[in-house]
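**Q** requesting a structural model of the entry that follows:
(2 chains)
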Amino acid sequence: MKKTIIPITAVLIATTVLLLGMWSYYSSVVTEIEQQGSNAAVYDRHYVVVSEDSSELWQSIYESAREAAARENVYLEWIGANSPANYTLKDSMKVAIASKVDGIILYPWGGLDVTEQINEAAKQGIPVVTVLNDCNESDRISFVGINSYQMGQIYGEQILNLLEDGMNRVLVLVNTSMEDVNTNLMYSQMNAVVEAGKPRTKKVEISAYSVDSTANFEAEEVIRDIFINSDSLPDILICLDPVSTECAYQAIVDYNEVGNVNIVGYYTSDIVMNAIHKGLIPAAVTIDTGEIGRYSIDALNEYLSAGHVSNYFNVGLSIVTKDETK
Amino acid sequence: MTQRSTNSLRANSIQKKLILVMAAMLASVLCVNLFIFNQINSMVRQIDSIFTSNVTIGELADTLGLVENRVYEYLNTKSSTALEDYYRYEQEYRDLIQQLNNQNVDSDTKMLEKNIRNMSETYLAKTEETLQAKRGRNVERYKACFEEETQLFEYINYYIYELDGLQFRLNSRNYQMLLSSMNILEIFSMVIMLLIFGFCLFLAIMTIRTMIGPLTHLSAAAHKVADGEFEVELPEAVSRDEVGIVTSAFRQMLESIKVYIDRVKSGVEKEAQMKARELSMEAHLKEAQLKYLQAQINPHFLFNSLNAGAQLAVMEDAEQTGIFMEKMADFFRYNVKKMEGDATLLEEIEAVDNYIFILNVRYAGDITYEKQINADIDNIRVPSMILQPIVENAVSHGIHDNMAEGKIQLFVGKEEDQLRISVMDNGIGMSHEEIEAVMCGKLHQEQRDGNSTGIGLDNVINRLKLYYNCQEPLSIHSEGKGMGTEVTILLPLDEGGMEHV
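**A** The predicted model follows:
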């Protein structure tokens, strides 16, 4: 009798365990599917980033702003980042306003006037913070960016470091999207620093070259043109945006001008950092993207909480040379 | 009793066992199947429902298109039907967007939903404004508004498209997850089905073995019994089902057969013994008869002649002679008549009396004969011709040489449940060896003298043994030479005083 009962009981127990296992496995799968997103964090506010620039710089700013936002219980979205639609800044602003977001972090560039949209947002009660490029005639609540004077000072100092005896031709690649008061301020301050600081034995000729880095592939083509015409090659190439920095770096490598053309870059992307480390680029001016993201979120939060906020947040600038990459 | 046994039979019947086992097997298979079926069904429903969100998003886009279309149509034609449709679709669209998320959740799809919802509200407000402007015939305003709401319509469409794509990717992932889990569940189901198959097979084998095993043993035992081997080992009837009952009935039947065979055997043996006794009795009787016939060639002629002599004596007034002749005739008639069966004790005693009378006539009244009867002997039957040979023996061997002083005593008396018959003489007596020889039948009486009827003591002893079926019906006692001899017969009496026949 025992001989019969033991295997029967064992089989029944095994079957029950398997059935329970089957049931619990299935339940866990279904629960996982049903609860997708339901456990996601809920935020108090919804801010959006409006930027056409999707360079590494902006990715970095967005990431740091997102981290800062998460800490402040804010959901941050980059409008149009993953959309197949090719939104312009104006479109993105309109979408943001229509979506009734709680705040907008705007990077105005490409010369497109978004003042109307900023004002419309302000009218709808949506605060707008401009980043890196200001739109000071609009109703934006604050500007988070660099001090152009300080930037001109740093670039000027770097030019002085790179001067050699005789004539030094300095070419500044000016981004057409940034051709505003701030760029002029930066340019003049750079000139002033170079003029004041250059030794008598060294002559400097500074000229500017417009590059539209907002237009697709424009920067690369323009910079190639400069290198193809080897007579007009500068001794020092000043880049004021990340795209032209990377293009210039690639050009000196391709045209074997390393050492002949010294680049002072802007923003230390991985490629630029690597180049500095190898000594191919002497130095690059960089900005604290974490600070930009943090200040943007803080500005919006402060405005929504207190109703007012400082209209300018200065972001620190620093210079990266080979010594810093070690 | 019958009712109870029927009930217990029903309670443990093979039929019930089979039904129970089959029911258990079917129930387990059914339960497992139902469970698996339910799981699969639920999974299929789940798979079906996976893409419903895409369907909902599709509906959203369609309804939005209808709203936009009706706005355009109204602006174009100011048709009241278009306006009516617009309001219907607008309500439908509002209902649809109410189902969308409106919270700030850390999920791309949820935030897209929120944006679509908010943009749609803005869009609907703008369409309303457009319609109002149209009604107010404010051409510039409604054109501007229409442009704005068309732009919003496009944004929303983009967002819906984006949401649809995101949702589709998510749903596809879920679909893949469900499909792979379905594969795992299929393996689970296979294993479970195999287990259940094994379980049912095992249960069926065990049930059949439990039922057929005792039957096989029983049939083997039946074969042995059929071959005449009754000492077979039968399996213990563990179950109380039909097989158990048949087994125990077979066991009982076997025991009954054994008892019956034993009884028949002992019956046959007894019958054989009886037959032997009867044959032996007959042989002794024949022997006695033969010896008597050897002695008396024609007793009928003799006692008829004696009767004729008696009558003659009476006619001649010779009374004594007449009595003697009559006694002689009685004695011989008794001899002739009773040789074949038994007789009453009274008849036996009478024969002894006649014999003594004859001897006394012959020997001129020398033998003293005393008779003492202390019991009611009317109905006691004994084998015939037993007392006369004993008395004859006492005369022949005991007092033959001294007839004048010879004394024969006959005593009949009851002792407890026995009847004691003693024949005593005061003759020469017997030694122990002689007594022993007589009792063992070694000493045969071969003498043929004129006093003998021809029946020996050994014949009497044998007949008594056969008649009463006992070892020592007769005992001889003598104090020694010259001290006389006492021959005692102890006859068993039954309760009513009747002698056992």
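**Q** which helices and strands does the longest helix along chain B pack with?
**A** In chain B, with assignment by DSSP state H, the single longest helix is helix B:139-226. Contacts defined by 3 or more Cβ pairs under 8 Å, 6 or more residues apart in numbering or on different chains; DSSP states H and E place helix B:139-226 against helix A:2-34, helix A:89-98, helix B:14-50, helix B:52-77, helix B:108-135, helix B:242-295. For glycine as for every other residue, the C-beta is placed from the backbone atoms N, C-alpha and C.
**Q** does the last one reach chain A?
**A** No: applying Cβ under 8 Å from any Cβ of the partner chain, one finds helix B:242-295 separated from chain A by no less than 15.0 Å.
**Q** tell me what angle that helix forms with helix B:139-226.
**A** 10 degrees (axes from the mean of the first three to the mean of the last three Cα atoms, to 10 degrees).
**Q** now do the first one
**A** Taking the same axes, to 10 degrees, helix A:2-34 and helix B:139-226 form an angle of 180 degrees between their directions.
**Q** check which element follows helix A:2-34 along the chain.
**A** strand A:42-43 (DSSP states H and E).
**Q** do the same with the shortest one
**A** Stepping forward along the backbone from helix A:89-98, the first helix or strand reached (DSSP H and E) is strand A:103-107.
**Q** residues in contact with residue B:200?
**A** B:25, B:28-29 (Cβ atoms under 8 Å, 6 or more residues apart in numbering or on different chains).
**Q** most packed of the helices and strands packed on helix B:139-226?
**A** Of these, the one with the most neighbours on average (mean count of other Cβ atoms under 10 Å in any protein chain shown) is helix A:89-98, at a mean of 24.
**Q** with just CA atoms, put that one into CSV.
**A** Listed next in CSV are the C-alpha coordinates belonging to helix A:89-98 (Å, rounded to 0.1, in the frame of the first residue of the first chain):
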residue,chain,number,x,y,z
LEU,A,89,12.5,76.4,-32.9
LYS,A,90,9.2,78.2,-33.5
ASP,A,91,7.4,74.9,-34.1
SER,A,92,8.9,73.5,-30.9
MET,A,93,7.9,76.6,-29.0
LYS,A,94,4.3,76.3,-30.3
VAL,A,95,4.1,72.7,-29.4
ALA,A,96,5.4,73.4,-25.9
ILE,A,97,2.9,76.2,-25.5
ALA,A,98,0.0,74.1,-26.8
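**Q** tell me which other helices or strands it touches.
**A** Helix A:89-98 is packed against strand A:45-51, strand A:103-107, helix A:115-123, helix B:108-135, helix B:139-226, with contacts defined by 3+ Cβ pairs under 8 Å, 6+ apart.
**Q** among these, which is the most enclosed?
**A** Burial of those is given as mean neighbour count (mean count of other Cβ under 10 Å); strand A:103-107 ranks first at a mean of 27.
**Q** thinking again about what came up before, identify whichever of the helices and strands packed on helix A:89-98 lies nearest to residue A:151.
**A** Distance to residue A:151, taken as Cβ to Cβ, is lowest for strand A:103-107 among the helices and strands packed on helix A:89-98, at 16.7 Å.
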